[in-house]
Each structure stands twice: as structure tokens, then as C-alpha cells.
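**Q** one predicted model, sequence on top.
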Amino acid sequence: MSTTTVKKSAAADTTAPAPAPRASRRRGESGPLGTLASHGILTLASLVALFPVAWLVFLSLGPDKDDYLHPGRIWSKMALANYSHVLTETNFFDWLKSSLIVSLGTTVIGVLIAATTGYAVSRMRFPGYKKFMWVLLVTQMFPVAVLMVPMYQLLSDFQLIDTYLGLILVYCSTAVPYCAWLMKGYFDTIPFEIDEAGRVDGLSPFGTFLRLILPLARPGLAVAAFYSFITAFGEVAFATTFLLDDEKYTFAVGLQSFVSEHDAQRNLMAATAVLIAIPVSAFFYLVQKNLVTGLTSGGTKG
């Protein structure tokens with residue numbers, strides 16, 4: 001009797017389904033509710049970021065200068081007349097040429113100076129190298145209004161008023177200090193053994209910098225180049241003061257031609273702003289692969 005009971009209970013134990021293992025959540029892994037909330041927040045943030053751009057494009061399709069006051073009326077009369085007017089009836093391509101010359105010139109010269117400066121401070125220990133970097137940082141504290149008069153006097157003495165070179169040098173004085181700090185922080189993350197290996201192979205300090213260090217510092221160079229380009233491309237105050245010939249106006253100065261004392265052609269300004277965004281977007285696309293890496297790596301060391 002007892003033997004039969006034991007056998008039946010044993011059979012019941014073997015045939016009973018095993019309880020499902022409880023799913024364990026990994027550390028840092030959010031649940032369904034947290035995932036839904038994060039996706040919702042990111043979607044909302046994306047819409048907030050894209051709305052001004054979409055609104056600008058929408059206003060640029062209104063043919064009248066006062067359409068921004070009644071945006072609902074634009075739907076029934078959308079047209080590309082504003083873009084046609086800007087491209088054919090204004091000095092748009094002269095503004096484009098000037099903006100690209102100044103921006104690319106600032107990028108090349110500024111990144112070259114910033115990279116060599118950052119490398120020298122990162123690798124060499126000369127008297128006052130720490131104070132030198134702090135002096136570069138202090139130069140960023142002065143407002144544009146304070147710098148305008150002395151810079152104008154300097155450019156006038158060197159006969160660089162109303163020249164691309166003069167404006168490029170002014171923009172470099174703004175972009176180089178920040179980019180030098182950025183590149184110094186990035187060079188600090190590159191092992192010093194690479195420099196020693198270059199010396200062993202017979203490279204000069206500049207050869208080591210050019211052939212070994214710069215290829216490794218490509219993300220940092222991309223960030224510095226993007227910052228220098230944006231600084232020069234969208235600046236207004238210096239360009240308005242130091243450029244006198246309307247054929248040398250940059251986009252920032254050219255936009256002011258749509259605004260007079262008693263009138264503002266906002267539809268043309270919106271169309272021009274959309275066209276201006278194209279070269280900036282193209283430049284961002286070229287360097288965007290290295291931007292995130294350069295921004296994060298450049299801040300790992302002081």
C-alpha cells in the first residue's frame with residue numbers, strides 16, 4: 001500500500017510542469033513603461049527642435065511679405081517665387097562666394113593654429129605654458145563691442161579693411177582660443193608613447209605631429225573645424241563693420257538688405273535663410289561622423 005502511494009506521488013512529481021523562470025531585469029535596463037516614456041520624451045524633443053525649421057520653410061513659401069501675420073492663408077497660395085527672386089534678383093551668389101571664402105579660410109587657418117598650439121601645450125613643458133592657456137581663455141571674456149574699435153584700428157593700420165583676409169584674421173581671434181583648448185584636451189588622450197616611437201623611427205617633432213598624431217586626432221579636428229566654420233559663417237557684427245563693398249558681403253550682412261527703416265521683406269529673408277542652411281548642413285554632414293567622438297574625448301583630460 002505504501003509502495004503504491006510512493007510510486008504515484010513520484011510519478012506526479014515528474015509529470016507536473018516546472019514553474020517558468022522569473023525574468024530578471026539587467027542592471028540599468030528599463031521596463032516597458034520606462035522605454036515608452038523615454039521614447040515619448042525623445043519624440044517631443046525632436047518635434048520641438050524641428051518646428052522652427054519647418055516653420056521657416058513654411059513661411060518662405062508665402063509670396064507676400066505680410067504672410068507671416070496670417071500663416072493660414074499660405075496654404076492656398078504656396079509658391080517658390082521667393083526662392084526665384086532671391087536667386088535671380090539679389091547678390092545671393094556673391095554672398096555665397098564671400099561666405100565660403102571667409103568660412104573656409106577661417107577653418108583652415110584657425111584649425112592649423114589651434115592644433116599646433118594644443119599639441120605644443122600638451123606635449124612640451126616650457127615656462128608659462130599653463131598661463132598661456134589661461135590667457136587664451138581670458139580673451140573670450142571680452143564682448144564684441146569692446147573689441148570692435150581696437151580691431152578696426154589694427155586692420156586699418158595694416159590696410160586690411162574691406163578684405164577677406166582681414167575678416168578671416170578677426171574670426172580666427174575668436175575661434176582659435178576655444179579650439180586650442182579643445183585640441184589640447186584631445187591630444188592629452190593620445191598616449192605619449194606614440195611620440196616616442198616616432199622619435200625612435202627618426203621623425204622630427206613636427207614629423208611626428210604631422211604623420212602620427214594628426215591622423216589619430218581626426219575627431220578633435222572635425223569638432224574644431226565645425227566650430228570655426230559656424231563661427232565665421234553666421235557672424236554679423238564684425239562682417240558688417242569691416243566689409244564695405246556690397247559685392248563682398250557675407251550672408252549675414254546680405255540678409256540686412258531685406259530690412260529697411262520702414263519695411264521688412266520677411267518672406268525673402270525666410271527663403272534666403274533656408275538657402276543659407278544648405279552649405280552649413282552639407283559641411284555638418286561631412287564631419288558629423290567624428291563630431292560625437294571628438295566632443296566626448298576632448299573632455300576626458302584637463
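**A** The structure has been received and is ready for your questions. Numbers count the residues shown, from 1 in each chain.

**Q** flag every buried residue along stretch 137-156.
**A** Buried residues in stretch 137-156, counted by 16 or more other CB atoms under 10 Å: 147, 151, 152, 155. Every residue, glycine included, has its C-beta placed from N, CA and C.

**Q** whoops, stretch 216-226 was the one
**A** 217, 219, 220, 221, 222, 223, 224, 225, 226.

**Q** doesn't residue 186 make contact with the second one?
**A** Yes. Using CB atoms under 8 Å, residue 219 and residue 186 qualify as a contacting pair, with a distance of 7.4 Å.

**Q** wouldn't residue 231 be in contact with residue 174 here?
**A** Yes. If you go by CB under 8 Å, residue 231 and residue 174 touch, sitting 5.8 Å apart.

**Q** what segments of the stretch 201-302 of the chain are helices?
**A** 205-208, 214-216, 218-233, 237-242, 251-254, 266-297 (DSSP state H, counting those that start in this stretch).

**Q** go through the ones you listed and find the least confident stretch.
**A** Mean pLDDT per stretch puts helix 266-297 lowest among the helices of the stretch 201-302 of the chain, at a mean of 77.

**Q** which helices and strands sit right next to it?
**A** helix 32-60, helix 81-89, helix 92-123, helix 164-188, helix 218-233, helix 251-254 (3 or more CB pairs under 8 Å, 6 or more residues apart in numbering; DSSP states H and E).

**Q** adding distance to residue 282, write those out as CSV.
**A** What follows is the helices and strands packed on helix 266-297, written out as CSV (distance: least, CB to CB, whole Å):
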stretch, distance to residue 282
helix 32-60, 16
helix 81-89, 17
helix 92-123, 11
helix 164-188, 20
helix 218-233, 11
helix 251-254, 14
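
**Q** so which of those comes closest to residue 201?
**A** helix 92-123 (16.7 Å; CB to CB).

**Q** tilt between that closest one and helix 218-233?
**A** Going by axes from the mean of the first three to the mean of the last three CA atoms, to 10 degrees, helix 92-123 is angled at 140 degrees with respect to helix 218-233.

**Q** immediately after helix 92-123, which helix or strand?
**A** helix 129-138 (DSSP states H and E).

**Q** state the mean pLDDT of that following helix.
**A** 80.

**Q** go on, stretch 67-77?
**A** Stretch 67-77 comes out at a mean pLDDT of 83.

**Q** repeat for stretch 92-109
**A** In the prediction, stretch 92-109 has an average pLDDT of 93.

**Q** which parts of that stretch are buried?
**A** 92, 94-96, 98-107, 109.

**Q** can you check stretch 241-253 too?
**A** Neighbour count says stretch 241-253 has 241, 242, 243, 248, 249, 250, 251, 252, 253 buried, by 16+ other CB under 10 Å.

**Q** for residue 48, report the pLDDT, please.
**A** The model's pLDDT for residue 48 equals 92.

**Q** distance of it relative to residue 42?
**A** Per CB to CB, to the nearest Å, residue 48 is found 11 Å from residue 42.

**Q** now do residue 225
**A** From residue 225 to residue 42 the distance is 28 Å (CB to CB).

**Q** surely residue 90 and residue 251 touch.
**A** No. Residue 90 is not in contact with residue 251 according to CB under 8 Å; the separation is 11.0 Å.

**Q** quick one: classify residue 160 as helix, strand or coil.
**A** coil (DSSP: H, G, I helix; E, B strand; the rest coil).

**Q** show me the contacts for the closest residue to it other than its chain neighbours.
**A** Among residues not flanking residue 160 along the chain, residue 166 sits closest, at 3.1 Å (CB to CB, 6 or more residues apart in numbering). The contact partners of residue 166, by CB atoms under 8 Å, 6 or more residues apart in numbering, come to 155, 158, 160, 242.

**Q** check the gap between residue 166 and residue 54 for me.
**A** 38 Å.

**Q** kindly report the same for residue 231.
**A** Relative to residue 54, and taking CB to CB, residue 231 is found at 26 Å.

**Q** neighbour count winner among these two?
**A** For the pair residue 231 and residue 54, the greater number of neighbours falls to residue 231 (19 against 10), based on other CB atoms under 10 Å.

**Q** who's in contact with the more buried one?
**A** 106, 171, 174, 175.

**Q** just to check, the second one is in contact with residue 101?
**A** Spelled out, it's residue 171. No. Contact criterion CB under 8 Å: residue 171 and residue 101 do not qualify, at 11.7 Å.

**Q** tell me, how many residues neighbour residue 213?
**A** Considering only other CB under 10 Å, residue 213 is surrounded by 20 other residues.
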